[in-house]
Each structure stands twice: as C-alpha cells, then as structure tokens.
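Novice: pasting the sequence and the predicted model now:
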Amino acid sequence: MRLESFLLPLAVSAAVVERQLGGAKVAGITKLTPEVNPKATRQVTRFGPLTVKGKSAGGDSGQQNWIWTIRDGLCRNCTVLKGHVGLANVDGTPVSPNNDVYIHHILTFDTTKKQKSFLSGCASGAAGLGGAKFIGSGEDNNNVAVWYTARDGKSNNGFHIGSSDSFMMNIDLVSYHANTKQIYLTMDMEYLPGLQGADARETLLSVTGCGVPSIKISQTGPTNTTSGKYTFTEDGTILGAKGHLHAGGEKMVMYINGKFACESKAMYGGAKGENAIDEMSLCTTSGIKVKKGDVMTMTAEYDVSKHPVRHESHGMGAGMADIMGMFDLIFAAHS
Ligand SMILES: *[C@@H]1O[C@H](CO)[C@@H](O)[C@H](O)[C@H]1NC(C)=O
Ligand SMILES: *[C@@H]1O[C@H](CO)[C@@H](O)[C@H](O)[C@H]1NC(C)=O
Ligand SMILES: [Cu+2]
C-alpha cells in the first residue's frame, strides 16, 4: 500500500459515500472556558447533521464515509493550541462509541496551507499531500485531544490558520445502531488571535515506504519492522507522537540517533472486542527536543500470535494494507 492512498482518500469505494463538497453546514457554535491559556478563545462548532444509516445498511460492517469541504465554522487568522473532534447526538449528548456509532477515522487537512516538511529524504511525500494535516482522530476510542502547543500553556506555538483557508475532511464512521440516526460532528478548538509562535506541523509517517516494502508478521510470535532513516531539517520539538497500528500490533517505538526516544503502545479490549485496538498511548506529552541533522527511525512491533490480523478497511477501497505501522507526529520549530 502506498502512503498516498491513506492520505488522499479520493478513490473511496465504501458502500455508502456522501460527498458534501459545497461546504459543510455549521449548525451552531458554543463558547467554552479555555483550558490551555486563559487569553485564548475556546469554541465548539457543530457541523451537520450527518445521516448515519443503521448497522445493516452500511455495507458489511456498518462502515460509512463522507467527504466534506469546510469553509466556515473554524477560526480564521488564528493559532490553534488544542483541538478535539467528536460526535454528538441531536440533544447535545456525546455519541457513545460502545453501542452507537464510533469514529473509524476522521482526517482533516488545511488544503490552502503549503506545509514544508521538517524531515528530509523519504518523508518528503508525507507532508504537503492534500495540504496540512489538522485535528482528526485515528482508529481508536478518540479519548484524547490533539495538542499543537506545549502542555504547560506557556508557549504560543500552534497550528496557524490563514485568513481564507479551506479544509477537507474525510469522515469514516461505523454504526452499531440498528436504525438510521442523525448526529453532529463537533470540533472543539482553543485558539489565539493572529498567527503566533511557531507554526506546529502535523504529519503521518509510515514505517513502510522508505526502502521497507511491508511490515513483517509471523504467526508464531513477535516481529519488529524498522523504518528507513528520516533526518530533521530544523531544530525543534516533537510536541506529540501517537502510533497507528492494526490488530496484532503491540507498539510503535521511536528512536532518535539510534537511541530509544519513546513508545506508543496498543491497548486492546474496547468497544470493538478483545482483539481490536481500543487506544494507542501517547508517545510523549512533555515533548522531545531535536536538532537539525538528528536521525529518526521507527519500529513497528507486532505479535499476531496474541491478536490475529483482521481485515481492516479505511473506507478507501481495496488495496489497503491490513497491516500498518505509522506515527502521527506534531512538530514545532525553535525560532
Ligand atoms: C490577523 O490577526 C491579527 C491579530 O488579531 C491582526 O493584528 C491582523 O491584522 C490580522 N490579519 C488579517 C490579515 O486579518
Ligand atoms: C523488538 O525490539 C524490542 C526493543 O528493542 C526488543 O526487546 C525485542 O526483543 C525485539 N523483538 C524481536 C522479535 O526482534
Ligand atoms: Cu491503518
């Protein structure tokens, strides 16, 4: 599988696909008290509604996909410190991932922003594609928010949004609900006015693709697959790193200059059953400082003898690898 097919979900062939290319509808905006920086503004925007078909209608598994263009409802000329995407019922209560509808993935891109990669070599394709990656959710229980700034709130780094940026969102949901129901997509974001601090850049980086064609597995026990070498092109801090693995995955490990830096572990046994990943732990919350020229490698550790491989669809059609190993990295350069 090519990384591009994950990042550019254009050839969607899931059973139910709705495209709302005219711009997602803003149903309402609620202001909340900021959590990171008292000078910031925090708002929750409700987009939609989305009509989610019942379990049996969404192909074989209740999985359904939407592609939205978002022009309104997000801040403009602003620096986003933290955000969290979610699902809400019409009455405002959160949608339960356990017995209702869960997020398979939500990928958001600022399609206006041209983002320079902070890694050289094989990684050059990962940034730029489809624009700059913005607040989304991976294939887990969506319990944690996305941070574009240091957690102590003392830095003003964040994700810069220009005055007229457009966004694209790929929403992939799985319904456990018997009947069709309407829900809203919520985007909770805390932001400062104007473009402040360093522009935090987010990118998905795969173990495969840099001279590593696929991830090794063995029916009889553990396997490690290590990526090629990625070189940092700037001094900065890795503000966040979260692994993405499929069933059978144990952890994603990051090494800087050959030394262990952090690991993101798979936790099993949530809404999707004991052999499905429920959550990936965060690789770092305190940040990892790196210098220009530092080399990063990543290792995907699998053990399919503990958790069997399942067919997993990203709602993007055939040809998707059943076995993935990725990091979602967030980086801010030092000025
Ligand atoms: C962006 O916001 C900053 C801070 O509020 C303001 O000074 C600046 O004029 C704004 N720029 C544009 C293009 O609106
Ligand atoms: C994978 O790497 C980890 C960490 O270095 C090591 O402890 C483990 O033995 C390795 N497993 C295999 C199968 O090589
Ligand atoms: Cu995947």
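Specialist: Sure thing, it's come through. Ligands and ions are numbered 1, 2, ... in the order given.
Novice: for the rest of this, base every contact and every neighbour count on C-alpha atoms.
Specialist: Fine.
Novice: can you list the domain ranges for the protein.
Specialist: 3-193, 201-333 (automatic domain parsing).
Novice: need these in JSON lines with mean pLDDT, can you?
Specialist: Shown next, in JSON lines, are the domains of the chain (pLDDT from 0 to 100):
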{"stretch": "domain 3-193", "mean pLDDT": "85"}
{"stretch": "domain 201-333", "mean pLDDT": "90"}
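Novice: please identify which of these is closest to ligand 2.
Specialist: domain 201-333 (4.2 Å; Cα to the nearest ligand atom).
Novice: now the closest one: how far from the chain's centre is it?
Specialist: 12 Å (Cα atoms, centre = their mean, to the nearest Å).
Novice: that domain: end-to-end distance?
Specialist: Taking Cα to Cα, to the nearest Å, the first and last residues of domain 201-333 lie 9 Å apart.
Novice: okay, buried residues for stretch 81-95 please.
Specialist: For stretch 81-95, a neighbour-count test (16 or more other Cα atoms under 10 Å) marks 81-88, 95 as buried.
Novice: between the two ends of that stretch, what distance do you get?
Specialist: With Cα to Cα, one end of stretch 81-95 sits 25 Å from the other.
Novice: start at 550 instead
Specialist: Sure thing, new numbering starts at 550, so read that last one as stretch 630-644.
Novice: what sits up against it?
Specialist: Here stretch 630-644 makes contact (Cα atoms under 8 Å, 6 or more residues apart in numbering) with 585, 650-651, 684-686, 691, 693-698, 705-708, 731-741.
Novice: separation between the residue in the chain positioned nearest to ligand 1 and Asn626?
Specialist: Residue nearest to ligand 1 within the chain (Cα to the nearest ligand atom): Gly743, separated by 3.5 Å. According to Cα to Cα, Gly743 stands 5 Å off from Asn626.
Novice: try Asp877
Specialist: Distance from Asp877 to Asn626, by Cα to Cα: 25 Å.
Novice: also Pro857?
Specialist: For Pro857, the distance to Asn626 (Cα to Cα) stands at 47 Å.
Novice: burial count for the residue nearest to Pro742 when sequence neighbours are not counted?
Specialist: Closest residue to Pro742 apart from its sequence neighbours, by Cα to Cα, 6 or more residues apart in numbering: Cys627 at 4.6 Å. Cys627: 20 surrounding residues under other Cα atoms under 10 Å.
Novice: does Cys627 have beta-bridge partners, and which?
Specialist: Under the criterion DSSP bridges, Cys627 forms beta bridges with Ile710, Pro742.
Novice: again with Ile732
Specialist: Leu599, Asn638.
Novice: residues contacting it?
Specialist: Per Cα under 8 Å, 6+ apart, neighbours of Ile732: 597-601, 636-639, 644.
Novice: which bits of the stretch 700-849 of the chain sit near ligand 2?
Specialist: Selection of the stretch 700-849 of the chain residues close to ligand 2 by Cα under 6 Å from any ligand atom yields 771-773.
Novice: make a PyMOL selection of the buried ones in the residues you listed.
Specialist: Buried members of these, defined by 16+ other Cα under 10 Å, are picked up in PyMOL with:
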select buried, resi 771+772+773
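Novice: which residue ranges of the chain form helices?
Specialist: All helices of the chain, identified by DSSP state H, fall at 552-556.
Novice: with adjacent residues omitted, what lies nearest to Gln768?
Specialist: With Cα to Cα, 6+ apart, the residue lying closest to Gln768 is Ser854, at 5.4 Å.
Novice: list the contacts for that neighbour?
Specialist: Residues in contact with Ser854, defined by Cα under 8 Å, 6+ apart, are 767-771, 797.
Novice: just the buried ones among these, please.
Specialist: Among the contacts of Ser854, the ones that count as buried by 16+ other Cα under 10 Å are 771, 797.
Novice: farthest pair in the contacts of Ser854?
Specialist: Thr769 and Gly797 (11.9 Å; Cα to Cα).
Novice: what do the two both touch?
Specialist: 853-854.
Novice: sorry, back to before: just flag the most distant two among the buried residues of stretch 630-644.
Specialist: Most distant of the buried residues of stretch 630-644, by Cα to Cα, are Leu630 and Val644, 24.7 Å apart.
Novice: of the residues of the stretch 700-849 of the chain next to ligand 2, which belong to strands?
Specialist: 772-773 (DSSP state E).
Novice: and the residues of the stretch 700-849 of the chain next to ligand 2, which is closest to Ala747?
Specialist: Distances from Ala747 to those, taken by Cα to Cα, are shortest for Asn773, at 34.9 Å.
Novice: wait, the closest one sits on Gly874?
Specialist: No. Asn773 is beyond contact range of Gly874, at 10.6 Å (criterion: Cα atoms under 8 Å).
Novice: now the common contact residues for those two.
Specialist: In contact with both Asn773 and Gly874: Ala849, using Cα under 8 Å, 6+ apart.
Novice: up against ligand 1, what does the stretch 700-849 of the chain have?
Specialist: Contacts of the stretch 700-849 of the chain with ligand 1, taken as Cα under 6 Å from any ligand atom, map to 712, 742-743.
Novice: bridged to His793, which residues?
Specialist: Met875.
Novice: format the contacts of Ser854 as CSV; extra columns: distance to Leu788.
Specialist: Shown next, in CSV, are the contacts of Ser854 (distance: Cα to Cα, whole Å):
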residue, distance to Leu788
Ser767, 33
Gln768, 36
Thr769, 36
Gly770, 33
Pro771, 30
Gly797, 27
